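# Quick one: sequence and predicted model below, then my questions.
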Amino acid sequence: MPTAAAYAADVVASVRDEPAGRLNLMRSLYEAEPGHPELHLPYRRAATGFMRWQLRRGLLNPVDDPVPGSSWWRAVNERLVADTAEARGHVLDLGGPMSSWSARCCTEFARDPSARRWYRAHNASIVSAYLDHGDLAESETHAERFFLNLILARVLFAHALVAAPRLALGWLGACGPVLGDPRLTFTGIFVSLSRVMPGRYPLDQPLQWYIDHEHGVGRVLDLGVVKPRIDELYAWSAAELSIPELGTLVRDGVPTYAWDPEDTAPWDPRASRLVRATRKALPATRRPPSRS
């Protein structure tokens, strides 16, 4: 009988160059076995919504496709699928050692689902893949690398809404667990990439063009809520995920993943009146809360 890790490696390899196959595999990994309760299915929307956007943008296309995908995006997606598949294998008692810390987090969610465990599993996989594939990120365009950092900040913030709501929303923290629940449809405002990044790959315009055309609500979220607390957010996330290297991916309010920390202009534009009002209404905490 194969181990859980071997099972995951086999099923991921079978769909490596089939973007739609990756999505179908992820969908199947959230389905219950016959005779078991559907404990994981409510979380599938968030997981597959993330992947559907990647498919629409062409990011998962084989690199030798007439319209090539992104080596970085393919690698990050594969880590998430593989960890999810390995967790499924452990739940099915295939056995064997955990292949990674992120696979262990996914297995903990699979065995006892909750919103907080879903985010911890998802973000442990994503952050681990970010750290493992920094060399591939360096080959992406300047504009793409900006949005890679923006995406990371968004998914960390979504996790904090559920697990550290006062850090995320200050005095409105009581609303965080509802706003961030991955089982609810309006969570898309925080994790849906259609509101974060342009819908085509590769990006062929200067970064400022994309910033100027970003969704208005997303811009207020990024500059009015996330940016003022981004250092504390990364520090909290590094502790929550037990991945200390994550804390090195931001410096003085500027995300630094495959990014020159001296290139601060895109991260500190002149704030609009609405952004200033949001910052005033939801002031950031100055110290990350301890993990409970």
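Looks like it arrived, so ask away. Numbering: from 1, shown residues only.

# which residue sits farthest out from the middle of this structure?
Ranking residues of the chain by C-alpha distance from their mean position (Cα atoms, centre = their mean) puts residue 1 at the top, at 32.8 Å.

# tell me the pLDDT at that residue?
According to the prediction, residue 1 has pLDDT 77.

# Tell me which residues touch it, please.
The contact partners of residue 1, taken as Cβ atoms under 8 Å, 6 or more residues apart in numbering, are 94, 95. (Each C-beta comes from the backbone N, C-alpha and C, glycine too.)

# Give me the nearest residue to the residue most central in space within the chain, chain neighbours excluded.
For the chain, residue 155 is the residue whose C-alpha lies nearest the centre (Cα atoms, centre = their mean; 4.3 Å). Setting aside the residues directly before and after it, residue 155 is nearest to residue 123 in space (Cβ to Cβ, 6 or more residues apart in numbering), at 5.8 Å.

# do you know how far the one you found is from residue 12?
20 Å (Cβ to Cβ, to the nearest Å).

# what about the two, which has more around it?
residue 123 (24 against 21; other Cβ atoms under 10 Å).

# Please report how far that one lies from residue 144.
On the measure of Cβ to Cβ, residue 123 and residue 144 end up 20 Å apart.

# now do residue 107
From residue 107 across to residue 144, the span is 32 Å (Cβ to Cβ).

# Helix or strand for the residue nearest to the centre of the chain, just tell me which one.
Using DSSP states H and E, residue 155 sits within helix 142-163.

# Tell me which residues of the helix or strand following that helix come out buried.
Next along the chain after helix 142-163, taking DSSP H and E as the criterion, comes helix 165-169. By 16 or more other Cβ atoms under 10 Å, the buried positions in helix 165-169 come out as 165, 167, 168, 169.

# next one: stretch 135-151
For stretch 135-151, by 16+ other Cβ under 10 Å, it's 136, 137, 140, 143, 144, 145, 146, 147, 148, 149, 150, 151.

# Now the terminal residues of that stretch, how far apart.
End-to-end distance of stretch 135-151 (Cα to Cα, to the nearest Å): 18 Å.

# Determine how far that stretch lies from the middle of the whole chain.
14 Å (Cα atoms, centre = their mean, to the nearest Å).

# neighbouring contacts of that stretch?
Identification of contacts with stretch 135-151 by Cβ under 8 Å, 6+ apart yields 70-72, 75, 130, 193, 196-198, 201-203, 205-207, 210, 222, 249, 255-259, 266.

# Buried among these? Need that as a selection in PyMOL.
Listed next is the PyMOL selection for buried residues among the contacts of stretch 135-151, using 16+ other Cβ under 10 Å:
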select buried, resi 70+71+72+130+193+196+197+198+201+203+207+210+222+249+255+256+257+258+259+266
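
# Okay, and which of the contacts of stretch 135-151 map to strands?
Per DSSP state E, strands hold the following members of the contacts of stretch 135-151: residue 255.

# So which of the contacts of stretch 135-151 sit within helices?
71, 72, 75, 130, 207, 210 (DSSP state H).

# ok, of those, which one's closest to residue 241?
When the ones in helices among the contacts of stretch 135-151 are compared for distance to residue 241 (Cβ to Cβ), residue 130 wins out at 11.4 Å.

# contacting residues around that closest one?
By Cβ under 8 Å, 6+ apart, residue 130 lies in contact with 76, 137, 148, 152, 249, 257.

# any low-confidence regions in the stretch 51-200 of the chain?
For the stretch 51-200 of the chain, the stretches flagged by pLDDT under 70 are 185-197.

# how near is residue 216 to residue 17?
37 Å.

# Looking at the two, which one has more neighbours?
Counted by other Cβ under 10 Å, residue 216 and residue 17 do not tie: residue 17 has more neighbours, with 16 against 10.

# for the more buried one, helix, strand, or coil?
Secondary structure assignment for residue 17 (DSSP: H, G, I helix; E, B strand; the rest coil): coil.

# tally of neighbours for the nearest residue to it once chain neighbours are set aside?
Spatial nearest neighbour of residue 17, excluding adjacent residues (Cβ to Cβ, 6+ apart): residue 62 at 4.3 Å. By the criterion of other Cβ under 10 Å, residue 62 has 14 neighbours.

# All the strands of this protein, residue numbers only.
Using DSSP E, strands in the chain cover 250-251, 254-255.
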